[in-house]
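# Quick check, what structure comes out for this input:
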Amino acid sequence: MLLLVTSSGDPELALFRSRPTAGVVIPAHLSQAGWSYEVGKPGLARLVTSRGTVGADEISGVLMRTRRVWPSELPHIDANDRDYVASEMTAFLAALISELPCMVLNRPAANSLWGPPFTAEYWWRAAARAGFPVCCNYDKLCPDLASMLLLGMNPVRSDDGLPNNAKDVSVLLAGCAEVGLLEARFCVRHQALQQVSLRPALNEDLVARVEQYCAHPRGPL
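Here you go, the predicted structure:
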């Protein structure tokens, strides 16, 4: 089973819920009975998902699509306790997911469940240090964008108009962040990096590729 850990507002939530080979964890699940986790024994963990309670050995991979548990997603918790409970849930997920004996895209980092919380400026500096051009304008100033999506350092989606070095830049940034899923967006006019996302838009084909990659990380995509 591919496990999606996300927020209740994720636009791809319905896509995952409709797949019989995938399960979902949202903040509401963390208040349900059935969780079990002991530090140092991740293989014995049990998680509560949209498919019911599952064991760690049933999970082939995890896709992280939320930075943290937000207090606003816990309306069933007393308002005075929501900040504290959200922080504790975030810490619990970070510890559990980091220890699971399966592929995790993208692995939790300090202060962020979906990988390092790098700013746009960080991505630009990382690219510029390696000699790649960057475009520091916003979408409204650069209406023509082309993107490349990496899965396990291999492109699985790319648009027309990308610069020749788009793959090199994307691989460099994924390596800097130590993540397996990354979308780099480029300004077509300037042929330069503009944005990076660790939560790219998904569709049925891409989810199937993620499932395949988690099950066979060294196989063809």
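# Angles on the backbone of R157, please.
phi -160, psi 130 (degrees, to the nearest 10).
# who does the residue nearest to it when sequence neighbours are not counted bridge with?
Nearest in space to R157, with sequence neighbours left out and distances taken as CB to CB, 6 or more residues apart in numbering, is L149 at 4.0 Å. C-beta coordinates here come from the backbone N, C-alpha and C atoms, glycine included. L149 forms beta bridges with R157, E183, as assigned by DSSP bridges.
# Break the protein into its domains for me.
Following automatic domain parsing, one gets these domains for the chain: 2-105, 120-197.
# mean pLDDT lowest for which of these?
Across those, domain 120-197 has the smallest mean pLDDT, namely a mean of 91.
# Put together JSON lines for the domains of the chain, with distance to L113 and mean neighbour count on each row.
Compiled in JSON lines, the domains of the chain are given as follows (distance: least, CB to CB, whole Å; neighbours: other CB atoms under 10 Å):
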{"stretch": "domain 2-105", "distance to L113": "5", "mean neighbour count": "17"}
{"stretch": "domain 120-197", "distance to L113": "12", "mean neighbour count": "18"}
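# closest one to L206 among the ones you listed?
Closest of the domains of the chain to L206 is domain 120-197, at 6.6 Å (criterion: CB to CB).
# which residues does the residue nearest to R157 contact?
With contact set as CB atoms under 8 Å, 6 or more residues apart in numbering, L149 has these partners: P155, V156, R157, S158, L181, L182, E183, P200, L206.
# one step back: indicate which one of the domains of the chain is closest to H216.
Taking CB to CB, domain 2-105 is the member of these nearest to H216, at 9.5 Å.
# From the chain's centre, how far out is that closest one? Work that out for me.
Chain-centre distance of domain 2-105: 13 Å, with CA atoms, centre = their mean, to the nearest Å.
# mind checking the end-to-end distance for it?
11 Å (CA to CA, to the nearest Å).
# Cross-check the contact I'm expecting between G115 and V104.
No - counting by CB atoms under 8 Å, G115 does not reach V104; the two are 9.7 Å apart.
# So for these two, which residues contact both of them?
When CB under 8 Å, 6+ apart defines a contact, the residues bordering G115 and V104 alike are M64.
# which residues touch the helix or strand harbouring P155?
Using DSSP states H and E, P155 maps to strand 154-158. Outside strand 154-158, the residues that touch it by CB under 8 Å, 6+ apart are A146, S147, M148, L149, L150, A166, K167, S170, L206, R209, L221.
# If we only consider these, which is nearest to S72?
The shortest approach to S72 among these belongs to L206, at 28.0 Å (CB to CB).
# Next up, the contacts around that closest one.
By CB under 8 Å, 6+ apart, L206 lies in contact with L149, L151, V156, R157.
# will you turn the residues you listed into JSON lines that also has distance to Q195?
Below are the contacts of L206 laid out as JSON lines (distance: CB to CB, whole Å):
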{"residue": "L149", "distance to Q195": "13"}
{"residue": "L151", "distance to Q195": "18"}
{"residue": "V156", "distance to Q195": "18"}
{"residue": "R157", "distance to Q195": "15"}
